[in-house]
Structures are given as C-alpha cells and as structure tokens.
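# With the input below, show me the fold.
(4 chains)
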2 protein chains.
Amino acid sequence: MENQVKVSRVGVHLTQQQLAERVGVTRQTISLIEKGKYNPTLKLCLEICYAVNKTLDEVFWIEKESGSNGKN
Amino acid sequence: MENQVKVSRVGVHLTQQQLAERVGVTRQTISLIEKGKYNPTLKLCLEICYAVNKTLDEVFWIEKESGSNGKN
DNA sequence: GCATATTGTAATATATATGTTACAATGATG
DNA sequence: CATCATTGTAACATATATATTACAATATGC
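Next up, the predicted model:
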C-alpha cells in the first residue's frame, strides 16, 4: 500500500478526472500516483490534500521501513 | 515561512551536508529546499522526515491559503 | 589577517515528474 | 449487445528536480 490517494478521493466522491482538474494536473498523473508508480512533488501532494480535505500525514505518510529500532 | 526543514535539521544537530548524506542528495538540494526555492518530491520529503525524526505534517504542511472559509 | 566550516548560489548536465495523445479494459446502464 | 463513464497504460515531448562543479559570503578559531 503506497498511499491513500484513491481512498481519500473516493471518500469525497471525486473521479480521477475531477481530482486532476482541481489540483491542476492530468488524469494520468493522478492514476499513476494512485498506482504508486509516480513520486509526486510536495506541491502536488499538498494540492491533493486540500482537494480531499486531509493532511499530508493522512494521505502520504509511510512509516520508515527497515528500521533497526524495531518500531515497525 | 515555507517549511520547517531548517528548524528540524538544527533540532537534531545536523549540518546541511550531513542531512544531505543521510537522505541521499547533495547539500545544494537541501539548501534550496530550506530556502523554499525547490519543490521536493514526496520520497525526499519522507527521507528528510525520517532523518529529523518528524512527520510530513510537522515539516512540510502548509495551510491552504486564499480559502473562502476564513480559516486563515 | 588567515584557515576552516557552513551556507548561498550560479551554470550546465542529467534524471524524472508531468503533459499530450491515444488506445485498451472494466463496469454500469440503456 | 451497444454505449458511456471511468480507469489503466504506452510513446513521445516538455518542464523541472537534482547532480556536478565551482565560487562567494559569513562565522569561528588560530
């Protein structure tokens, strides 16, 4: 599970196309981000958060993996 | 105020050079991000967060501006 | 004043995020 | 089945994030 964009988007009843328009990118970009195949820029992440009414942590946070401090 | 990278970095006693090495970029990239002249990728944002032991919201969140809901 | 560490910044090159266009796959609905 | 909405994805072009190299500016310690 890469991020929560898809879940968040559906949560506010937006299609990829609608979300794309609101954040100023193309539908393909949204699709690829949801699929975890793109590494979006911070600005785009923020725009998406605003559009789905969530925060960066809620949509994009990923716990640090391979930690030697056993926190995951 | 663009982001909290500089404050967070100083908070864990790292120089730009040291932070850059830990997150796998060059010092210049860190410098420009701190200056608000770069729009870093999500992956880099996450790496920085791990390095300074904070979350995306703590380091990179920016309240939505120009809101018609008077929240700022 | 001189050497060193840290940071700011510029020019050019490279990698990659994103756009453009197009087509395929799926699901709903007639 | 045909049609439409939605989504996945591919090829190529463009914009930009980042690297590389280099030099300047500031602060600290000699």
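# now the strands: where do they sit in chain A?
Read by DSSP state E, chain A holds no strands at all.
# For it, give me the ranges with low pLDDT.
A:1, A:66-72 (pLDDT under 70).
# who in it is up against DNA strand C?
Within chain A, the residues that sit near DNA strand C (Cβ under 7 Å from any atom of the strand) are A:24-26, A:28-29, A:32-33, A:38-41, A:44. C-beta coordinates here come from the backbone N, C-alpha and C atoms, glycine included.
# with these in mind, which one is nearest to A:V12?
Nearest to A:V12 among the residues of chain A next to DNA strand C: A:I33, at 15.9 Å, using Cβ to Cβ.
# circling back: now the two most distant members of the residues of chain A next to DNA strand C.
The span of the residues of chain A next to DNA strand C, defined through Cβ to Cβ, is set by A:G24 and A:N39 at 17.8 Å.
# which bits of chain A sit near DNA strand D?
Near DNA strand D, when you scan chain A using Cβ under 7 Å from any atom of the strand, you find A:15-17, A:27-28, A:31-32, A:34-35, A:37, A:41, A:43.
# ok, A:K6 touching A:L32?
No: look at A:K6 against A:L32 with Cβ atoms under 8 Å: they stay out of range, at 11.8 Å.
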